[in-house]
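In: I'll drop the sequence and a predicted model, then ask my questions.
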Amino acid sequence: MSQPEPVLVVEDLKVEFPVHGGLLGGRRIGTVKAVDGVSFEVNPGETLGVVGESGCGKTTMGLAILRMIDITSGRIVFDGEDISTLERAAMRPVRRKMQMVYQDPFGALDPRMRAKDIIGEPLVAHGISENREAYRERVSELLEMVGLDVVMGERYPHEFSGGQRQRIGIARALALRPTLVVCDEPVSALDVSIQAQIINLLEALQDELGLTYLFIAHDLSVVQHISDRVMVMYLGKVVEIANRSDLYRAPKHPYTQALLSAVPMPSPDAEAAREVVLLEGEVPSPLNPPTGCPFHPRCSMARPDCRETMPVLTEQNTGHKVACHLY
Amino acid sequence: MTSLLEVRNLKTYFHSDGSVVKAVDGVSFDVRAGETVAVVGESGSGKTVTALSVLRLIPDPPGEIISGEIRFAGRDLLSLSEAEVRKIRGNRIAMIFQEPMTSLNPSLTVGRQVGEPIEIHQRASRKNAWDKCIALLHKVRIPDPEQRANAYPYQFSGGMRQRAMIAMSLACEPELIIADEPTTALDVTVQAQVLHLLKELTRETGAALVIITHDLGVVARYADRVNVMYAGRIVETGQTSEIFNNPKHPYTVGLMNSLPRLDGDVRFALQPIEGHPPDLANLPSGCAFQPRCQYAVDRCLAKPPELSEVNPEHLAACWVDLNVTA
Ligand SMILES: Nc1ncnc2c1ncn2[C@@H]1O[C@H](COP(=O)(O)OP(=O)(O)OP(=O)(O)O)[C@@H](O)[C@H]1O
Ligand SMILES: Nc1ncnc2c1ncn2[C@@H]1O[C@H](COP(=O)(O)OP(=O)(O)OP(=O)(O)O)[C@@H](O)[C@H]1O
Ligand SMILES: [Mg+2]
Ligand SMILES: [Mg+2]
């Protein structure tokens, strides 16, 4: 079977932010390399999970791919088209095909708008519906698709629970029939019992609509559940990427190993039998990243060359890439 | 064995917009010397309000402890004067909050803040308090504590701030530490570091630990016993292994089934609890979980169930016997 064309190809993507300081915060004192040379592909209909510690650049990468923030360098190819340098107007039709679901179901919704108008807004903005009737029908269809009653469309965001608000956010993201959805921590603000509802919904919608997900989360169990492949980031760089089962069963990078070991499992028996590897030291500041491998100051296996040169991401077995001098 | 902390039928309500929010509605539990008790439950189920009630930190108004008893080392905390409570709080009972930035004073050095409880409660000289503070910062693995003690909170990373909070809470060698989501704002690897340290230090000093969390993994890894809360009540309580291996309340069962787990089978869909948590100002009749419960019978709508024995160490508040029904 031939490989399908990837939906998304990211090549050596870099996003830098100037950092201002000094007395009035006016002087530029440095640069944060929030995304620092990231490359990967996403195939149609698959879910690529993205994990990594706070500040490692996950959100920035997601926003850059959707061209919602400026990129410093690199290439983003979406559906075969290089979109990295497209102007605003040229981006408009592309943007319909790529949408985002946000972490905070509270902040992301306009409190003065009814749910049905929040969901329908993208349709209006892109002039999609032929007439009022078609518009109303599409909004009802979207409400039902995410498991909300059509009458609930009349309510305002504050009248919904967190999980229901996240459903509204998902319905809105799906309004324009996108192919790629970037989910940025879509369940981390929700109660455990509600998280499962939303994860199941996202999975069902993917089957039904053939969606491709870039799924950003810090919860490794959630990412394992939903992803086909998983990418691990550290300080703006990809340190490991592999199929789900390879990454979780045979993690190669010492950071991935520590990350998995740190996750407590909801089973006292499993926990009692487990040996936990604890990392020493602090997460380094992205303003002043370590030389060589960004993980070396916390790595128990670090060797002299780890302090000097950044290891390149190289393929170990099929589809399993790791950036570490040990391999 | 006698209990260090005994809470009996605690009710803490809030008055807002003419309605009454029954944040804690008849909660009873014990904490024994040296043990770790986890409190889990949905957002808004009353975990923090329970902890704040024990410390007598409920803002009144709008809050009010309506009734109940809180006995700590044999004394009823609810009958003490504010001055007497102040001698216990931060001294014999310490609290660690979720966001250390809000509980650390931004304009005082970390060293001064960690040393403060020692000066106040143990009447130590500033010099002695400082020395002890350095030892504590060392104990919580702050590198170069002599220099770092002069830093301000914003100059610490999130993990370091939380470790400084732990140092502060340990300063007077409390018998009880209440940690409210102590690591929720931290990264997984830092979370593991901080919790491990907290557990190790309480083991060393013999302090009891109440840890409020929504992470069942944290419960499994660290707690001896668990209280499961739902809508202002404890719906199930028991030894950790018993609660995980033999849960009896449908909410606890639902919680366990809805979790994706690292050691689980990813081929199957998760089993969520349908619906959403109730409005505490407008609770459903009978059992508060009944609208979301697949096992509910008529009786569940009529009357809220009390905690009853599954075995002497395991209580659950449910009218239905899951063994018979399932
Ligand atoms: N607009 C901005 N200006 C300056 N720096 C920024 C900006 N946005 C992000 N950063 C910095 O870029 C880095 C990456 O941030 P980003 O939000 O992408 O991380 P993240 O992996 O999504 O973290 P989290 O898990 O906490 O959401 C951080 O150091 C952050 O402080
Ligand atoms: N100061 C207050 N005024 C009014 N209501 C309050 C106040 N503090 C708490 N409540 C209410 O009491 C209930 C219980 O809140 P509590 O903070 O104990 O929940 P929790 O279980 O700690 O939740 P979380 O997991 O989100 O921290 C909530 O409905 C909350 O809105
Ligand atoms: Mg982010
Ligand atoms: Mg709380």
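Out: Structure received. Ligands and ions are numbered 1, 2, ... in the order given.
In: what residue ranges in the stretch 151-300 of chain A are flagged as low confidence?
Out: By pLDDT under 70, the stretch 151-300 of chain A has no low-scoring segment.
In: And for the closest residue to B:Pro182 other than its chain neighbours, the neighbour number?
Out: Among residues not flanking B:Pro182 along the chain, B:Ile96 sits closest, at 4.9 Å (Cβ to Cβ, 6 or more residues apart in numbering or on different chains). For every residue, glycine as well, the C-beta is placed using N, CA and C. The tally of other residues near B:Ile96 (other Cβ atoms under 10 Å in any protein chain shown) stands at 24.
In: quick one: low-confidence parts of the stretch 1-150 of chain B?
Out: B:1, B:100-101.
In: For it, just list every one of the strands.
Out: Secondary structure of the stretch 1-150 of chain B (DSSP state E, counting those that start in this stretch): strands at B:3-16, B:19-32, B:36-41, B:63-72, B:75-76, B:93-96.
In: now do the stretch 51-200 of chain A
Out: Going by DSSP E, counting those that start in this stretch, the stretch 51-200 of chain A shows strands at A:73-78, A:81-82, A:98-101, A:180-184.
In: These into a markdown table, with extra columns for mean neighbour count and distance to A:Gly49?
Out: What follows is the strands of the stretch 51-200 of chain A, written out as a markdown table (neighbours: other Cβ atoms under 10 Å in any protein chain shown; distance: least, Cβ to Cβ, whole Å):
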| stretch | mean neighbour count | distance to A:Gly49 |
| --- | --- | --- |
| strand A:73-78 | 18 | 19 |
| strand A:81-82 | 12 | 25 |
| strand A:98-101 | 24 | 14 |
| strand A:180-184 | 24 | 10 |
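In: can you redo these as JSON lines with distance to chain B?
Out: Below are those laid out as JSON lines (distance: least, Cβ to the nearest Cβ, whole Å):
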{"stretch": "strand A:73-78", "distance to chain B": "26"}
{"stretch": "strand A:81-82", "distance to chain B": "33"}
{"stretch": "strand A:98-101", "distance to chain B": "18"}
{"stretch": "strand A:180-184", "distance to chain B": "15"}
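In: Ligand 1: which of those strands is closest?
Out: When the strands of the stretch 51-200 of chain A are compared by Cβ to the nearest ligand atom, strand A:180-184 sits nearest ligand 1, at 7.3 Å.
In: quick one: the helices in the stretch 151-300 of chain B?
Out: In the stretch 151-300 of chain B, the helices defined using DSSP state H, counting those that start in this stretch lie at B:158-170, B:188-205, B:216-222, B:240-245, B:250-258, B:298-302.
In: Would you check how far apart whichever residue of the stretch 101-250 of chain B sits closest to ligand 1 and B:Arg299 are?
Out: Distances between the stretch 101-250 of chain B and ligand 1 by Cβ to the nearest ligand atom are smallest at B:Asp187, namely 7.9 Å. Distance from B:Asp187 to B:Arg299, counting by Cβ to Cβ, to the nearest Å: 46 Å.
In: Name the residue in those two with the higher neighbour count.
Out: B:Asp187 (22 against 13).
In: Just give the number of residues close to the residue lying closest to the more buried one once chain neighbours are set aside.
Out: Distance criterion Cβ to Cβ, 6+ apart; nearest residue to B:Asp187, sequence neighbours excluded, is A:Glu53 at 4.3 Å. By other Cβ under 10 Å, 19 other residues sit near A:Glu53.
In: check contacts around A:Glu53.
Out: Contacts for A:Glu53 (Cβ atoms under 8 Å, 6 or more residues apart in numbering or on different chains) come out as A:218, A:234, A:283, B:187-190.
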